[in-house]
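> got a predicted structure plus its sequence, pasted below:
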Amino acid sequence: MPRVSVIVPCYNEQATIRLLLEALRSQSHPADEIEILIADGMSEDRTRDEIDAFIQKNPSMNVRIIDNPARNIPAALNRALGAATGDFVVRLDAHTVPAPDYVARCIQALEAGKGENVGGVWEIAPGGRGWIARSIAAAAAHPLAVGDARYRHASRPSYVETVPFGAFRRSLVDKIGLFDEGLLTNEDYEFNARILAGGGRIWLDPAIRSRYFARPTLRDLATQYRRYGFWKGRMLRRYPATLRWRQALPPLFVLGLLLLGVLAPLFAPARLLLAVVLMVYAGVLLAAGLGVAWRRSDLALVFGFPLAAATMHLNWGVALLWSLTRWK
């Protein structure tokens, strides 16, 4: 039975780290063949207490905490990889709950030669209580808000450009290198871009499933998408061919609003066009919110979904444009 290293970047995840550890304890892959390496960015909450409590309750589980003073995800992944002893690596996040057969299915796909990196589909769950958290989770699972990435909705296995988290042979790192610590976000996308550039393949199987907890508040969501947008801009400077139409729409929309906002005080047609664009945009989001609210039987999503989706679009778009205009 192959030995597996599960690597987890972590920082202030006291609310979900035990959920992840319990899910790993319940994996169908033999527990004595799994080591769990949590690269913690010196958490300031009770994250380490939660991990220690789990270790005391489950002494047979091989769980180690690795200090990550750099406090960023690629550094955490690289520190965990440096300590990994498994032939296979499964990367997960501290706010994710993998299905019981997650590790087994990843290893099965890798041993079958499906790809150099394999992953699956995630199900989005609210990261907190209340209608805002439910709205954010609904938006994070909707193509209008986040695009048509296959790991959000695929029903059939296929080769893709990227997968969430991912599992790969440890020897892959010797071939293409570690995660790029110059990209504080999008490090997984860049890692996959190097795999593809080297002739490798990335395999997505919807049978590999995990549950991902979305951000609980609009403020947290805005911060997340500003970070995503900024580092996507940095990524595009190095890999411009990785830009997809769904990723280009938010910055183009923001740019259009900025131009019309500048011209509106000077020209009546610009004011009219700006008003029309905003009304159409609001109408589309509201219509989508109505549809989501109907399907989920949750009236609050009528207004919550548009708020969450607009937060994603505008923060991503502004940050990506800002990133592209900065030289450093």
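Happy to help now that I have it.
> count the neighbours of residue 59 for me.
8 (other C-beta atoms under 10 Å). (Glycine included, C-beta is placed from N, CA and C.)
> contact partners for it?
For residue 59, the contact set (C-beta atoms under 8 Å, 6 or more residues apart in numbering) is empty.
> could you list the buried residues of stretch 6-22?
6-21 (16 or more other C-beta atoms under 10 Å).
> repeat that for stretch 45-58.
Buried residues in stretch 45-58, defined by neighbour count with 16+ other C-beta under 10 Å: 47-48, 50-51, 54-55.
> just these: which are in helices?
47-48, 50-51, 54-55 (DSSP state H).
> the residues you listed: which two are farthest apart?
Greatest spatial distance in these: 47 and 55, 12.9 Å, computed using C-beta to C-beta.
> returning to what we had before: in TSV: the buried residues of stretch 45-58, plus pLDDT.
Below are the buried residues of stretch 45-58 laid out as TSV (pLDDT from 0 to 100):
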residue	pLDDT
47	94
48	95
50	95
51	96
54	95
55	95
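> just put the residues you listed in CSV and tack on distance to residue 133.
Shown next, in CSV, are the buried residues of stretch 45-58 (distance: C-beta to C-beta, whole Å):
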residue, distance to residue 133
47, 20
48, 25
50, 21
51, 25
54, 25
55, 30
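> against which helices or strands is the longest helix seen in the chain packed?
If you go by DSSP H, the chain has its longest helix at helix 268-296. Applying 3 or more C-beta pairs under 8 Å, 6 or more residues apart in numbering; DSSP states H and E, we find helix 268-296 packed against helix 143-146, helix 245-263, helix 301-325.
> try it again with 10 Å
Where contact means 3 or more C-beta pairs under 10 Å, 6 or more residues apart in numbering; DSSP states H and E, helix 268-296 is packed against helix 131-140, helix 143-146, helix 245-263, helix 301-325.
> mean pLDDT for these: which is lowest?
Set side by side, the helices and strands packed on helix 268-296 differ in mean pLDDT, and helix 143-146 is lowest with a mean of 85.
> for that one, the distance to its chain's centre please.
Chain-centre distance of helix 143-146: 14 Å, with C-alpha atoms, centre = their mean, to the nearest Å.
> ok, and what's touching it?
Applying C-beta atoms under 10 Å, 6 or more residues apart in numbering, the external contacts of helix 143-146 come out as 124, 136, 138-140, 149, 152-153, 225, 246, 284-285, 287-289, 291-292, 305-306, 308-313, 316.
> only whichever of those are buried, select them in PyMOL.
PyMOL command restricting the contacts of helix 143-146 to the buried ones, with burial defined by 16+ other C-beta under 10 Å:
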select buried, resi 124+136+138+139+140+149+152+225+285+288+289+292+305+306+308+309+310+311+312+313+316
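> quick check: residue 300 vs residue 313, distance?
Residue 300 sits 20 Å away from residue 313, going by C-beta to C-beta, to the nearest Å.
> to clarify, my last question referred to residue 295.
21 Å.
> who's in contact with the closest residue to residue 11 other than its chain neighbours?
Counting by C-beta to C-beta, 6 or more residues apart in numbering, residue 41 is the residue found nearest to residue 11 once chain neighbours are left out, at 3.7 Å. Residue 41 makes contact with 9-13, 47, 67-73, 75-76, according to C-beta under 10 Å, 6+ apart.
> can you tell me which of the residues you listed are in helices?
Those of the contacts of residue 41 mapping onto helices are 47, 73, 75-76, per DSSP H.
> thinking again about what came up before, with the ones in helices among the buried residues of stretch 45-58 in mind, which one is nearest to residue 232?
The closest of these to residue 232 turns out to be residue 47 (C-beta to C-beta; 27.5 Å).
> quick one: that closest one and residue 274, what's the gap?
In this view, residue 47 and residue 274 are 46 Å apart by C-beta to C-beta.
> residue contacts, the closest residue to residue 129 other than its chain neighbours?
In space, and not counting its chain neighbours, residue 129 is closest to residue 216: 8.0 Å by C-beta to C-beta, 6+ apart. For residue 216, the contact set (C-beta under 10 Å, 6+ apart) comprises 15, 126-130, 132-133, 136-137.
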